[in-house]
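Participant: Build me a model from this:
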Amino acid sequence: MAEPGGHATPAQHRVVVALDVGGTGMKCALVRPDGTVHHTERHPTLAERGPEAVLGTILDVAEGLATRARADGLEPVAAGVAVPGVVDEENGLAVWSSNVGFRDVPVRARLSERLGLPAVLGHDVRVGGTAEARLGAGRGHRHVLFVAIGTGIAAALIVDGVGYGGGHGAAGEVGHIVVRPGGPLCPCGQRGCLESLASARAIGLRYAELAGVPGATALDVVTRAGAGDALARTVWREAIEALADGMVIAQALYDVGVFVIGGGLAEARHELLHPLEQAFRERITFHRPPEFVRAGLGDEAGCIGSALLALDHLEKTQ
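Facilitator: Okay, here's the model as predicted:
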């Protein structure tokens, strides 16, 4: 990228406008080419306003970040946005993002038009996985499976630092592997999906139902299990067993060197990772076990990954 007069802008003066859009909130940042974050913001998504209003907010926030960069003496060189759901990265379309109401929305084109910058659109879990593989807990491994366990469960296969999206942009939906046929109804319409048994949402709801404790969360279950609550221990154990069954299937398919566990449930730390790895090892036969590590970049992973995707695009097109 050149400044007026033909001089290249030093890398330390370049930033990428990056947004990670969720159903409730948007994490937003200015990210340098080395992955360090210069500035962060948080904004509500307010998805109930409808998809066009959400897109409008994305564009307004992105424009505000670009303005902030210039005010700080930095040059925005590209923009990256990540959304949940099914994403056509090649064509920059949010094919289906139920959390924010998107259906075939040309996010990339609208963003590039508003900012006058090259732009990319990525899948929230894949960009988070890319960041973890290159700069976070998966660094040093060629084959990484990033597993985000929160309200739902999704994964991203990252090979040599590049995310695999599949033929239709929907790769990595391990949350919809059926691990308990005939089990609880999943929001996707199937019964017994991993997500219906072991997501943070499912764990909280299960305990709330059995214990009569409205509003219980998964982390409440972990805390109560650690304090000796027998019912909480049972709910937590059953969730761990379901997760292990799903991850054995994932390893049979992907044969990765490391599972990087992220999302809200990863806040349980050793209460999750240790029993999960033990249950996994009890189930495998001939497969070589991967390492189990907790994600290292926290809630900035999506913004950092969006920026990395945008920088990859710049490199390919220059």
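Participant: the helices in the stretch 201-318 of the chain, which residues?
Facilitator: Remark: helices assigned in the stretch 201-318 of the chain by DSSP state H, counting those that start in this stretch are 218-226, 230-254, 270-283, 301-317.
Participant: wait, which of those helices is closest to Ala148?
Facilitator: Nearest to Ala148 among the helices of the stretch 201-318 of the chain is helix 301-317; the distance by CB to CB comes to 9.1 Å. C-beta: built from backbone N, CA, C; applies to glycine.
Participant: tell me which strands and helices that closest one is in contact with?
Facilitator: strand 14-21, strand 25-31, strand 37-44, strand 75-83, strand 119-123, helix 124-135 (3 or more CB pairs under 8 Å, 6 or more residues apart in numbering; DSSP states H and E).
Participant: go again using 7 Å as the cut-off
Facilitator: The contact analysis (3 or more CB pairs under 7 Å, 6 or more residues apart in numbering; DSSP states H and E) places helix 301-317 against strand 14-21, strand 25-31, strand 75-83, strand 119-123, helix 124-135.
Participant: okay, these in a markdown table with mean pLDDT next?
Facilitator: Below are the helices and strands packed on helix 301-317 laid out as a markdown table (pLDDT from 0 to 100):
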| stretch | mean pLDDT |
| --- | --- |
| strand 14-21 | 97 |
| strand 25-31 | 97 |
| strand 75-83 | 98 |
| strand 119-123 | 97 |
| helix 124-135 | 97 |
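Participant: Out of these, which gets nearest to Val147?
Facilitator: Proximity to Val147, assessed across these by CB to CB, is greatest for helix 124-135 (8.7 Å).
Participant: Tell me what angle the closest one forms with strand 75-83.
Facilitator: 130 degrees (axes from the mean of the first three to the mean of the last three CA atoms, to 10 degrees).
Participant: tell me the angle helix 124-135 makes with strand 25-31.
Facilitator: 30 degrees.
Participant: what does helix 124-135 contact?
Facilitator: Helix 124-135 has contacts (CB atoms under 7 Å, 6 or more residues apart in numbering) with 20, 35, 82-84, 138, 144, 146, 148, 154-156, 158, 161, 163, 165, 172, 260, 262, 295-297, 301-302, 304-306, 308-309.
Participant: still on that earlier bit, packed most tightly, which of the helices of the stretch 201-318 of the chain would that be?
Facilitator: helix 301-317 (a mean of 23; mean count of other CB atoms under 10 Å).
Participant: Just the C-alphas of that helix, formatted as CSV.
Facilitator: Only the C-alpha atoms of helix 301-317 are listed here, as CSV (Å, rounded to 0.1, in the frame of the first residue of the first chain):
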residue,chain,number,x,y,z
ALA,A,301,-10.2,-14.3,18.0
GLY,A,302,-13.1,-13.5,15.7
CYS,A,303,-11.8,-10.0,14.9
ILE,A,304,-8.2,-11.1,14.6
GLY,A,305,-9.3,-13.9,12.2
SER,A,306,-11.4,-11.6,10.2
ALA,A,307,-8.4,-9.3,9.8
LEU,A,308,-6.2,-12.2,8.8
LEU,A,309,-8.7,-13.3,6.1
ALA,A,310,-8.7,-9.7,4.7
LEU,A,311,-4.9,-9.6,4.7
ASP,A,312,-4.8,-13.0,2.9
HIS,A,313,-7.2,-11.5,0.3
LEU,A,314,-5.0,-8.5,-0.2
GLU,A,315,-1.9,-10.6,-0.7
LYS,A,316,-3.6,-12.7,-3.4
THR,A,317,-4.9,-9.7,-5.3
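Participant: Just the mean pLDDT for it, thanks.
Facilitator: Average pLDDT, helix 301-317: 96.
Participant: Distance from that helix to the middle of the chain?
Facilitator: Centroid displacement of helix 301-317 relative to its chain, using CA atoms, centre = their mean, to the nearest Å, is 15 Å.
Participant: can you check stretch 167-179 too?
Facilitator: 14 Å.
Participant: got the buried residues for that stretch?
Facilitator: Gly169, Ala170, Ala171, Gly172, Glu173, Val174, Gly175, His176, Ile177, Val178, Val179 (16 or more other CB atoms under 10 Å).
Participant: Pull out the buried members of the contacts of helix 124-135.
Facilitator: Taking 16+ other CB under 10 Å as the criterion, what is buried in those is 20, 35, 82-84, 138, 144, 146, 148, 154-156, 158, 161, 163, 165, 172, 260, 262, 295, 297, 301-302, 304-306, 308-309.
Participant: Dump the helices of the stretch 201-318 of the chain to TSV, plus distance to Leu115.
Facilitator: Supplementary listing: these in TSV, determined by distance: least, CB to CB, whole Å:
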stretch	distance to Leu115
helix 218-226	38
helix 230-254	36
helix 270-283	39
helix 301-317	11
